[in-house]
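Engineer: From the sequence below, what's the structure:
(2 chains)
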2 protein chains.
Amino acid sequence: MALRNTLSTVRVTASEEVRDLVADAARAFAPWKRTPPRERARVLDAIALALDAAAETLIPVALRETRLPEWRLRDELTRTTFQIRLFAEALRDGGFLDARIDHADPQWPAGAPRPDLRRMKEPLGPVAVFAASNFPFAFSVAGGDTASALAAGNPVIVKAHPGHPELSLATAEVVAAAIEEAGADAGLLSLVHGTEAGRLLVTAREVRAAGFTGSIPGGRALFDLAQRRPDPIPFYGELGSNNPVFVTPAAAERRAEEIAEGFVESVTGRMGQISTKPGTLVVPRGSRIVELLEEAELPGPAPMLNDRLHGEYERSLAQFSARHGVEPLHGGRSGAVRPGADPSPAILITQADYLHANARQLQEECFGPASLVVTYGEGEDLAELAGLYEGQLTATVHAEPECDVEALLEVLAEKAGRVLWNQWPTGVSVTHAQQHGGPYPASTAPGSTSVGTAAIERFLRPVAYQGFPQERLPEPLRDDNPWGCPRLVDGKPEEA
Amino acid sequence: MALRNTLSTVRVTASEEVRDLVADAARAFAPWKRTPPRERARVLDAIALALDAAAETLIPVALRETRLPEWRLRDELTRTTFQIRLFAEALRDGGFLDARIDHADPQWPAGAPRPDLRRMKEPLGPVAVFAASNFPFAFSVAGGDTASALAAGNPVIVKAHPGHPELSLATAEVVAAAIEEAGADAGLLSLVHGTEAGRLLVTAREVRAAGFTGSIPGGRALFDLAQRRPDPIPFYGELGSNNPVFVTPAAAERRAEEIAEGFVESVTGRMGQISTKPGTLVVPRGSRIVELLEEAELPGPAPMLNDRLHGEYERSLAQFSARHGVEPLHGGRSGAVRPGADPSPAILITQADYLHANARQLQEECFGPASLVVTYGEGEDLAELAGLYEGQLTATVHAEPECDVEALLEVLAEKAGRVLWNQWPTGVSVTHAQQHGGPYPASTAPGSTSVGTAAIERFLRPVAYQGFPQERLPEPLRDDNPWGCPRLVDGKPEEA
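Structural biologist: Numbers count the residues shown, from 1 in each chain, chains lettered A, B, ... in the order given. Predicted structure coming up:
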């Protein structure tokens, strides 16, 4: 199999090379755009199959580069290929096209006469995808951003995450080979390395959108570049989230063990390196939950994805611990990184008053297995506490049937993309109703999701065709609906 | 009826007053958001009814301030109230909520287990609307941006266009009174005057999105402000468009009269003060269309909306005329504004080669009744010519059944939000399949439309609810679907 030279080595991609890859992607756009969704689905399925088949090649590379346990990586690869197949299914269904037909209507009022108008969504053009470190499969080269952008009909140029360069390369090789073998242009997927290469991508004339998962400073810098272009492009960034959890007195009373246990598992799973890790647990003062957490056996020290994240975790933990209103509850140390030692999970504790006074600092994301317990007194208004938070990916309530949490839920639905009831926010299901995104900084585009089938909408835009003869229309807009797409005709869903 | 004091005078709105109005809007948000869509529809209908009933008050003010002929204004008011009622209809239908239910599924793969997840769209919060000058009803205080933002469940603060301040005030008074009389909070609509007030709006913490129709420099400045906020907000700007029209040799041969006539009508109607006015007509060299345009009786001098637009039109026309490769074909003068005289329509002419060499300058929008004819020689590639254009609101082809325009249509669909076949782009129908928007600078958000029912999507964002008991869910996500909304259940449209 002839693989693209540019995929064959891990090194910082030179500017010229980036420009060439972008030009290749631009050339690959027209034929891929013209490829009917059902055919694109076939290519996606081939990619999924190839990745599954390459597991024994990819997993060892991932183990070497990420320090994640093997079972986690295998689960993640399963999730990744499942995700690609789900987009293939969405392509076969055709609902993502949002096809609409309005027949000419002489009854439409003066000033807005209605000609024959038909509208559907079409791909944008080459998309830059910035891979994340924490999910080396599911949010990386062959992850959700790539799958949804490809499904939508766009070529993708991935900026590899420096945390797993070899795995990025190996994955890209598998994907590119599968694309080529399925008869499509291998230029549909390319890979670049290096910060400057990433900057070149968001400013390249041909690049029409970008997807990003990562830190607030990195994401914001790229967002700013994308918005300052002569022609700004959509930048879908998922930047950071604290994911607060609110426990009512009744829930704390009745389900202390269950809540303490679920919390520890959610905070420490995958060493807390998950964007939806609960960063705050708000519980009644004197609740048994606090005792249970103090007595809990937290998982022992374990490696983080890489030394950089370990260092940042320790720094961030030390900063939290150093606050005079914050005490260690479990494992909280103000210590520095001990050379050679793995980090430990930590739970800190403070009071609601202190959160009120330091809301901005205390909601900063501490990426890793740490969380802050906030105790509140009787009469404390949880909705008001919730109001202190910025935009979130998730917000959670643990409550009992009789609890009056209406006001709290209303605030949380305004702050977060996903609100949970008596569950934990880690584990983001890939499905139709998923919403992974939220008000800034959870997302730079609050109306979008980066997980679930709706993620495809980010990389499409509507085009209307007015007065077209049948044979000139794209298939989904023709009267006979040759592809059998779901459509809105004269404002009503068409009968199948 | 007690009207808000702040609505009772036309003067630059002081900063403090802007802050108060924004705070009022923020306060009005929660109850309006909680108001079921059917109830919001009732309020919208009341607004439409009140505006219709106030025609004899509003039209004279509009006549005084805009110099538009009365029949145009009456048509536009009809369009405006029709538009408001269409959003009310969309609210009753409920499809805009994009409700999705995924039941828990133990078969979902490891790494992405599926809990009970339900997702719908919810309003963003206070929206700033920047009114346009050219449609003092349909794109102003009670226009499409306001109607769609209110329908979505958001309070609106309108920045009045200085071209029609008294009409803005009179309209706002009618709308606010109708809102109050219908039992909703009058704080849902407020009005500010002045550039600085507009800047304060896009930077106000409580404002969650903005809609804008106007010029590229003005729109871009506000877009930049919105994106540079600590928490950037969506800015839906419709900035400018040339709306090129391409005529094939066969169409020019067979329908010269029809095309020449339609073109003149589309360019000069409403004195060309329409964002979809065709700014370029690309025709075969030596076509009778050119002769016909030369001989055509263009409408005589007529007033433009205001002196500022008149001045800009003359300046822009003089600039075009001064280019050595551009000749006047009809009415083209290099003259300056003659004091007291109304402007005349003008048609200029150039050759395709000159367009190739000066594409950027020649596609600049000349707001007013002027257009540029571009003649092309045999063998000229129309698709390549089309490729010279930036993002457009519309692009048009005049062709015959046997013409091979596939490549041209493909380029145009990539450049424009709406592509027309043998029709003219002016007259933007308000309907379900309309798309008024396109790649930058046609729109700052190419995935959105500012006209048609889909315009409501701009002011919503999805929220997912995980693991919620039935009675805690918003109505559209409950199993029994009390509001009868169209929904996607486990990925399939639910049977009604």
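
Engineer: Check whether the longest helix along chain A comes near chain B.
Structural biologist: With DSSP state H setting the assignment, residue counts place helix A:70-93 as the longest helix in chain A. Yes - between helix A:70-93 and chain B, judged by C-beta under 8 Å from any C-beta of the partner chain, the touching residues are A:75-76, A:78-80, A:82-83, A:89, A:93. Using the backbone N, CA and C atoms, a C-beta is placed for each residue, glycine as well.

Engineer: Now, of those residues, which are buried?
Structural biologist: A:75-76, A:78-80, A:82-83, A:93 (16 or more other C-beta atoms under 10 Å in any protein chain shown).

Engineer: near chain B, which residues of the stretch 151-300 of chain A show up?
Structural biologist: Contact residues, the stretch 151-300 of chain A versus chain B (C-beta under 8 Å from any C-beta): A:208, A:223-224, A:227-228, A:231-234.

Engineer: Among these, which pair sits farthest apart?
Structural biologist: A:208 and A:224 (17.8 Å; C-beta to C-beta).

Engineer: so what pLDDT did the closest residue in space to residue A:448 that isn't next to it in sequence get?
Structural biologist: Leaving aside its sequence neighbours, residue A:448 sits nearest to residue A:458 (C-beta to C-beta, 6 or more residues apart in numbering or on different chains; 4.9 Å). The model reports residue A:458 with a pLDDT of 98.

Engineer: State the next helix or strand along the chain beyond the helix or strand hosting residue A:148.
Structural biologist: In the assignment (DSSP states H and E), residue A:148 maps to helix A:144-152. Next in sequence after helix A:144-152, counting helices and strands by DSSP H and E, comes strand A:156-159.

Engineer: which residues touch that following strand?
Structural biologist: By C-beta atoms under 8 Å, 6 or more residues apart in numbering or on different chains, the list of residues contacting strand A:156-159 from outside reads A:21-22, A:25, A:126-131, A:140-141, A:145-146, A:149-150, A:168, A:172, A:188-193, A:197-198, A:201, A:207.

Engineer: Out of those, which sit inside helices?
Structural biologist: Among those, the members falling in helices are A:21-22, A:25, A:145-146, A:149-150, A:168, A:172, A:197-198, A:201 (criterion: DSSP H).

Engineer: Kindly indicate which of the residues you listed lies nearest chain B.
Structural biologist: Checking these against chain B with C-beta to the nearest C-beta, the nearest one is residue A:149 at 13.5 Å.

Engineer: now the angle from the helix holding residue A:148 to helix A:70-93?
Structural biologist: Compare the direction of helix A:144-152 with that of helix A:70-93 by axes from the mean of the first three to the mean of the last three C-alpha atoms, to 10 degrees and you get 20 degrees.

Engineer: what's helix A:144-152 packed up against?
Structural biologist: Packing partners of helix A:144-152 (3 or more C-beta pairs under 8 Å, 6 or more residues apart in numbering or on different chains; DSSP states H and E): helix A:37-53, helix A:70-93, strand A:127-130, strand A:156-159, strand A:209-213.

Engineer: In JSON lines: these, plus mean pLDDT.
Structural biologist: Rendered in JSON lines, the data for those read as follows (pLDDT from 0 to 100):
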{"stretch": "helix A:37-53", "mean pLDDT": "98"}
{"stretch": "helix A:70-93", "mean pLDDT": "96"}
{"stretch": "strand A:127-130", "mean pLDDT": "98"}
{"stretch": "strand A:156-159", "mean pLDDT": "98"}
{"stretch": "strand A:209-213", "mean pLDDT": "97"}
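
Engineer: Same list (these) but as JSON lines, adding distance to residue A:421.
Structural biologist: Conversion of the helices and strands packed on helix A:144-152 to JSON lines gives the following (distance: least, C-beta to C-beta, whole Å):
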{"stretch": "helix A:37-53", "distance to residue A:421": "33"}
{"stretch": "helix A:70-93", "distance to residue A:421": "24"}
{"stretch": "strand A:127-130", "distance to residue A:421": "33"}
{"stretch": "strand A:156-159", "distance to residue A:421": "36"}
{"stretch": "strand A:209-213", "distance to residue A:421": "26"}
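
Engineer: Residue B:356 is nearest to which of those?
Structural biologist: Evaluated over those, closeness to residue B:356 peaks at strand A:209-213, with 28.7 Å, by C-beta to C-beta.

Engineer: Pull the residues that contact that closest one.
Structural biologist: If you take C-beta under 8 Å, 6+ apart as the criterion, strand A:209-213 is touched by A:124-125, A:127-132, A:139, A:145, A:148-149, A:154, A:201-202, A:218-219, A:222-223, A:226, A:233-239, A:275, A:444, A:450, A:458-459.

Engineer: Just the buried ones among the residues you listed, please.
Structural biologist: In terms of neighbour count (16+ other C-beta under 10 Å), the buried residues within those are A:124-125, A:127-132, A:139, A:145, A:148-149, A:154, A:201-202, A:219, A:222-223, A:226, A:233-239, A:275, A:444, A:450, A:458-459.

Engineer: Give me the spatial nearest neighbour of residue A:151, chain neighbours excluded.
Structural biologist: Once its chain neighbours are removed from consideration, residue A:151 has its nearest residue in residue A:87; the separation is 4.0 Å (C-beta to C-beta, 6+ apart).
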